[in-house]
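Peer 1: turn this into a structure:
(one chain, ligands or ions: 1)
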Amino acid sequence: MAFFIKRLAVVGVGLIGGSFAQALREQDLVGEVVGVARSQKTLDKARELGVIDRGTLDVQQGVIGANFVLVAPPVCAIVPMVQQFAPALTRGAVVTDAGSVKSSIVHACEQAMPDGCYFIGSHPIAGRERSGVEAAFPALFQGSRTILTPTPRTAPAALEMVRVVWEACGSQVETMAADHHDRVLAATSHLPHLMAYNVVKTLSDLEQDIQAEVFRYAASGFRDFTRIASSDPTMWRDICLENRDAISEILQRFRRDLDELLALVSQGDATALHAMFSRSRDTRERVLRENKVLRNP
Ligand code: NAP
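Peer 2: Down below sits the predicted model:
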């Protein structure tokens, strides 16, 4: 049987890399899956779970003979790993990543490609708070969106291959420029995650200051709002480092809005507070209505 992907290399076999391999296996699109991780323990686990056929700790060994490579370690490790394995790529190989930040990654990885090999940036907007290969499952990308970030140098056939592969995983594919992606995601994903981490920090500092239990009285609002503060700290540290400008810009904007809110609360401005909460509630309901076809808008 001729597989669409004869040999898939997954560099970083965690939640995203593992789920990607499982989804493509389910669709019978892939012949062999080779995993690359930092630890033998991860590789053993991935084999035991049937996510990969074989594994290696040597990233150059891992990509030899692969016609498709997914790179899915934390964001700051993506460029160094691609630069390390690029000389070992087989001619014709298509390489993509899953990083949550695109601009710096796409430009460096595109430059690292040897002649006849292609890099396309991807960001699957799907995930959960758990990480590692044990958390992987094949339906992770069903009903999600994946953003591809081609450049003027992108080969159309390579872009098409990456699109087909993400669609086979159950994702709806869209394309946009990498720097635009980084500004949009800073606002819609990175800001809410940083807010959630920060609210938990504020409350835990408060608990220390007043020497009394604060979290005991945390209600469902706290649970809903801070769910994403259970996400992997390494992943979020790396996202902040790699998308520093766009995140700083949106945080400054948020700080201005917070100052305005503080003024309304301290002045007891009932009309303005009601108007602001109503506007936000209406916006949220409209956004959810418009995105109702997608599980992970
Ligand atoms: P994960 O479950 O923690 O998996 C990361 C994998 O990368 C593991 O196989 C790990 O190997 C390996 N790794 C970790 N640090 C490394 C390093 N410094 N050098 C080389 N390999 C390293 O992470 P994930 O949630 O799948 O996220 C992977 C990527 O997808 C990230 O770039 C993230 O931005 C992006 N992403 C994540 C989500 C999400 O919600 N989780 C959504 C969209 C995109 P060991 O197990 O051996 O340590």
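Peer 1: can you tell me the helix or strand for Val33?
Peer 2: Using DSSP states H and E, Val33 maps to strand 30-36.
Peer 1: list the buried residues of that strand.
Peer 2: By neighbour count on 16 or more other Cβ atoms under 10 Å, the buried set for strand 30-36 is 30-31, 33-36. No exception for glycine: its C-beta is placed from N, CA and C like everyone else's.
Peer 1: can you list those residues in CSV and add pLDDT?
Peer 2: Putting the buried residues of strand 30-36 into CSV (pLDDT from 0 to 100) gives the following:
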residue, pLDDT
Val30, 97
Gly31, 96
Val33, 98
Val34, 98
Gly35, 98
Val36, 98
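Peer 1: of the residues you listed, just say which sits nearest to Glu174.
Peer 2: Closest approach to Glu174 among these (Cβ to Cβ): Val30, at 23.7 Å.
Peer 1: which residues of the stretch 1-150 of the chain lie near the ligand?
Peer 2: 12-17, 37-39, 42, 72-75, 77, 81, 98-100, 124, 127, 131-132 (Cβ under 6 Å from any ligand atom).
Peer 1: take the residues you listed and keep only those in helices.
Peer 2: Within these, residues falling in helices by DSSP state H are 15-17, 42, 75, 77, 81.
Peer 1: and those residues, which are buried?
Peer 2: 15-17, 42, 75, 77, 81.
Peer 1: farthest pair within these?
Peer 2: Thr42 and Val75 (18.2 Å).
Peer 1: didn't Ala72 look like it was pressed against Val11?
Peer 2: Yes: shown here, Ala72 and Val11 form a contact pair, counting by Cβ atoms under 8 Å, at 6.8 Å.
Peer 1: want to throw the buried ones among the ones in helices among the residues of the stretch 1-150 of the chain next to the ligand into CSV with pLDDT?
Peer 2: Below are those laid out as CSV (pLDDT from 0 to 100):
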residue, pLDDT
Leu15, 97
Ile16, 98
Gly17, 98
Thr42, 98
Val75, 97
Ala77, 97
Met81, 98
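Peer 1: wait, which of those is closest to Asn291?
Peer 2: Ile16 (21.3 Å).
Peer 1: residues in contact with the closest one?
Peer 2: 72, 98, 124, 127, 136, 140 (Cβ atoms under 8 Å, 6 or more residues apart in numbering).
Peer 1: what is the mean pLDDT for stretch 236-247?
Peer 2: The average of the pLDDT scores along stretch 236-247 is 97.
Peer 1: how far does the least confident helix or strand in the chain by mean pLDDT sit from the chain's center?
Peer 2: Least confident helix or strand, the chain: helix 220-226 with a mean of 88, by mean pLDDT, DSSP states H and E. Computed by Cα atoms, centre = their mean, to the nearest Å, the separation of helix 220-226 from the middle of its chain amounts to 22 Å.
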